[in-house]
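Colleague: Provide a 3D model corresponding to the input given below.
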Amino acid sequence: MYQAKTKVLILSGDLGDGHQQAANALMETAKLVQPDAEVTIINFMELAHPYLHTFGRYLFVKGVKNFPSVYGYLYRKTRHSDTPSSVLKTFNLFSVGRLFKLLEELQPTVVASTFPLAAYAMSLLKSKGLTAVPTVTVITDHTDHSYWVHPHTDQYIVGSEHVRTRLNRIGIMDSLISVTGIPVRPSFNQTYERENLREKYDLHPFLPTVLIMGGGYGIIDKGISSLLKSDKFTEQMQFIIVCGRNDKLRQQLIAEAEHSKHRIVVTGFVDHIYEIMALADLIITKPGGLTTSEALTLGIPMLLYKPLAGQEQDNAAFLLEAGAAMQAVDAVDLQIKCSELIRQPKLLFMMKQNAKRIRSVNSAYQAVEVMLQTAQMLTDQMEYSHA
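Modeller: Now for the predicted structure:
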């Protein structure tokens, strides 16, 4: 059905962990679908600005954490922009030369962008006639934004019908949109025995278990510390806290855990997060696109906490409307809602069923199939036009 030698180029970015996780899911799955395929992931930020990207990432994380209202304002200001901002244009004009050289070197069959700046750079190259490679954009949130939408994109891969509808409203034709679910690694599609996992990780087999996740950069605030000390819980519980790459936070929480009446496990970034999620009764998290899609795939109820103004607020609205999550507005509300959910197994079960209702099964497999089909269709069209 496809060409004998498939070369897949995935352009990602490290402003937020979700873009990279989606890229990893696509790479892992593409190798399963076509074991002889050449699959390459490139960090577009590093490619575009090899000497500045680490500092830029640091500023981004600090800015989002310390000035979330500024980020939210900029997000809303550019949401329905017809053209990218001048800053975006300038940024990508510096980067397209390196991207063009990469395309010349790799000669990919298809390019998939899980990062909006990469999607724009590919569109810019195609607009100048410098490449005709089939180009797919993988939107990693349950929402739309102008920074994802660019001319010369051959296919948009989206997480839900909700996003398809939003893209339709801004003029994107149905034929250019594929609803596959946000791509998550195949491990999230497996069935796990919770009792076996709790034994594996030395957890109590029967205590209510709450998983707390702060994203790849461990953006967790003092509200989590208050939760661990809360007197709202009438019985002992066990918490697993994933701090991502924030080692300072991990050490701080380990020290605080010694004074809690609950069983507490604190860890950094873990690659086997699918097992940690599968053993939980409830997940407390920021509503990032990838984390929430992983939870939906496993059918785990979510308690959302302090969504970032912008795409995280949109993700939260989608999940709340679907009944797969609840949201806490502050530290006190977090304690109250967490306690209420743990004491109401019927409510948790209902949320679990709602999560299963809106989840996408084998999302990464579906996304890879769309990528390969898009590449084959456009190749066939070019061959026909030249015949």
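Colleague: give the contact list for Thr109.
Modeller: Taking CB atoms under 8 Å, 6 or more residues apart in numbering, we find Thr109 in contact with 3, 5-8, 133-134, 372, 375, 379. For the C-beta atoms, the positions are set from N, CA and C on the backbone; glycine is no exception.
Colleague: sort out which of these are buried, if you could.
Modeller: 6-8, 133-134, 372, 375, 379 (16 or more other CB atoms under 10 Å).
Colleague: in a markdown table: the contacts of Thr109, plus pLDDT, distance to Leu320 and secondary structure.
Modeller: Putting these into a markdown table (pLDDT from 0 to 100; distance: CB to CB, whole Å; DSSP: H, G, I helix; E, B strand; the rest coil) gives the following:
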| residue | pLDDT | distance to Leu320 | secondary structure |
| --- | --- | --- | --- |
| Gln3 | 48 | 44 | coil |
| Lys5 | 81 | 46 | coil |
| Thr6 | 91 | 40 | coil |
| Lys7 | 95 | 41 | strand |
| Val8 | 97 | 35 | strand |
| Val133 | 95 | 39 | coil |
| Pro134 | 96 | 36 | coil |
| Leu372 | 95 | 35 | helix |
| Ala375 | 91 | 37 | helix |
| Thr379 | 71 | 42 | helix |
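Colleague: relative to Asp333, which of the residues you listed is nearest.
Modeller: Nearest to Asp333 among these: Val8, at 44.1 Å, using CB to CB.
Colleague: just give the closest residue to that closest one, not the sequence neighbours.
Modeller: Spatial nearest neighbour of Val8, excluding adjacent residues (CB to CB, 6 or more residues apart in numbering): Val39 at 4.6 Å.
Colleague: now do the buried residues in the helix or strand hosting the one you found.
Modeller: If you go by DSSP states H and E, Val39 is part of strand 38-43. For strand 38-43, burial by neighbour count (16+ other CB under 10 Å) applies to 38-39, 41-43.
Colleague: centre of the chain to the helix or strand that it is followed by, how far?
Modeller: Beyond strand 38-43 on the C-terminal side, the first helix or strand identified by DSSP H and E is helix 44-48. Centroid separation between helix 44-48 and its chain, computed with CA atoms, centre = their mean, to the nearest Å, is 19 Å.
Colleague: stretch 98-113 too?
Modeller: For stretch 98-113, the distance to the chain centre is 23 Å (CA atoms, centre = their mean).
Colleague: and for Lys200, the neighbour number?
Modeller: 12 (other CB atoms under 10 Å).
Colleague: wait, doesn't it sit right on Ala278?
Modeller: No - at 10.9 Å, Lys200 and Ala278 do not qualify as touching, with contact defined as CB atoms under 8 Å.
Colleague: any shared contact partners between those two?
Modeller: The overlap between the contact sets of Lys200 and Ala278 (CB under 8 Å, 6+ apart) is empty.
Colleague: returning to what we had before: list the contacts of the strand holding Val39.
Modeller: Contacts for strand 38-43 (CB under 8 Å, 6+ apart): 5-14, 20, 23-24, 26-27, 30-31, 53, 102, 106, 108.
Colleague: let's see 6 Å
Modeller: 7-12, 14, 23, 27, 30-31 (CB atoms under 6 Å, 6 or more residues apart in numbering).
Colleague: make TSV out of those and add distance to Lys77 and secondary structure.
Modeller: TSV is the format used below for those (distance: CB to CB, whole Å; DSSP: H, G, I helix; E, B strand; the rest coil):
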residue	distance to Lys77	secondary structure
Lys7	38	strand
Val8	35	strand
Leu9	32	strand
Ile10	29	strand
Leu11	25	strand
Ser12	25	strand
Asp14	24	coil
Ala23	28	helix
Met27	34	helix
Ala30	36	helix
Lys31	40	helix
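Colleague: return the item of the residues you listed having minimum pLDDT.
Modeller: The lowest pLDDT within the contacts of strand 38-43 belongs to Asp14, with 86.
Colleague: and it, how far is that from Ala23?
Modeller: As for Asp14, its distance to Ala23 is 10 Å (criterion: CB to CB, to the nearest Å).
Colleague: which of those two has more residues huddled nearby?
Modeller: Higher neighbour count among Asp14 and Ala23: Ala23, with 27 against 20, using other CB under 10 Å.
Colleague: does the residue lying closest to the more buried one once chain neighbours are set aside have beta-bridge partners, and which?
Modeller: Closest residue in space to Ala23, ignoring its immediate chain neighbours: Ser12 at 3.8 Å, by CB to CB, 6+ apart. Beta bridges link Ser12 to Asn43 when assigned by DSSP bridges.
Colleague: so Ser12 makes contact with Gln20?
Modeller: Yes - here Ser12 reaches Gln20: they are 5.1 Å apart, a contact under CB atoms under 6 Å.
Colleague: and those two? Which one has more around it.
Modeller: Higher neighbour count among Ser12 and Gln20: Ser12, with 26 against 21, using other CB under 10 Å.
Colleague: sweet, I'm off.
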